[in-house]
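*Asks:* pasting the sequence and the predicted coordinates here, then a few questions.
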Amino acid sequence: MAEISLSGAPILGDVHHDFGACILAERTDIALISVAIPKDGRKALSDKLKELWELSVPSAMETRHTNKIRAIPMTVDQFMLAFSSDGTMSETDAQESLADVGYTTLQTDAWVILELKGSGAITALERICPIDLDQSAFPIGSAARTSMEHLGACIVRLEADQFWLMSARSSAQSFYHAVETSCRWTAS
């Protein structure tokens, strides 16, 4: 019998494209864990997050970030933990750490994360994102669920001109095409 070995591969091939005014790249080094808050369990989960990582539960449109871990709001009682998958902490470690206080689901392979950065990032996003990205309305650390070119997405502002754009892995090619096309149009 043949021995078969499987290995993971980035959905977009670890794409990295420089458009001059902005850079678009697939982030393949980020692990994602969905955390749902149990009924009447917000305080216990909040205490555990603080104890483990000096992190707090994110508000409706604002991420929390510390120690290389980012909590991204998704719904009223659910958020994503995003952290580097460099070996410092595994997805299993994160899930086991929260097992007593929250409901967790591994999401790393369910999402594609694109990072868009540079002076042209806002201009590229204005074509496809219906959110007001002015810093007074969407400051650093903000996050929102939205749609981009008919696809469900989540946008996170990391810096003034740096964003994570997240969408379902099943539509990663279409999502990338929409963002890439916008970058091309605004670069010319």
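*Replies:* Done, it's in.

*Asks:* quick one: average confidence on the helix ranked longest in the chain?
*Replies:* Longest among the helix segments of the chain by residue count, using DSSP state H, is helix 172-187. Here the mean pLDDT over helix 172-187 is 94, rounded to a whole number.

*Asks:* ok, the closest residue to residue 180 other than its chain neighbours to residue 39 distance?
*Replies:* Leaving aside its chain neighbours, residue 180 sits nearest to residue 24 (6.2 Å; criterion: CB to CB, 6 or more residues apart in numbering). For the C-beta atoms, the positions are set from N, CA and C on the backbone; glycine is no exception. Using CB to CB, to the nearest Å, residue 24 is found at 40 Å from residue 39.

*Asks:* higher neighbour count, the two?
*Replies:* The neighbour count for residue 24 versus residue 39, taken as other CB atoms under 10 Å, is higher for residue 24 (23 against 6).

*Asks:* so the protein: which segments form each domain?
*Replies:* 16-28+110-187, 30-108 (automatic domain parsing).

*Asks:* out of the ones you listed, which comes closest to residue 1?
*Replies:* Closest approach to residue 1 among these (CB to CB): domain 30-108, 29.4 Å.

*Asks:* run the chain-centre distance for that closest one.
*Replies:* How far domain 30-108 lies from its chain's middle: 13 Å, per CA atoms, centre = their mean, to the nearest Å.

*Asks:* likewise stretch 169-177?
*Replies:* For stretch 169-177, the distance to the chain centre is 14 Å (CA atoms, centre = their mean).

*Asks:* run through who's touching it.
*Replies:* Residues outside stretch 169-177 that contact it (CB atoms under 8 Å, 6 or more residues apart in numbering): 11-12, 15, 26, 109-112, 114, 148-149, 151, 153, 165, 167-168.
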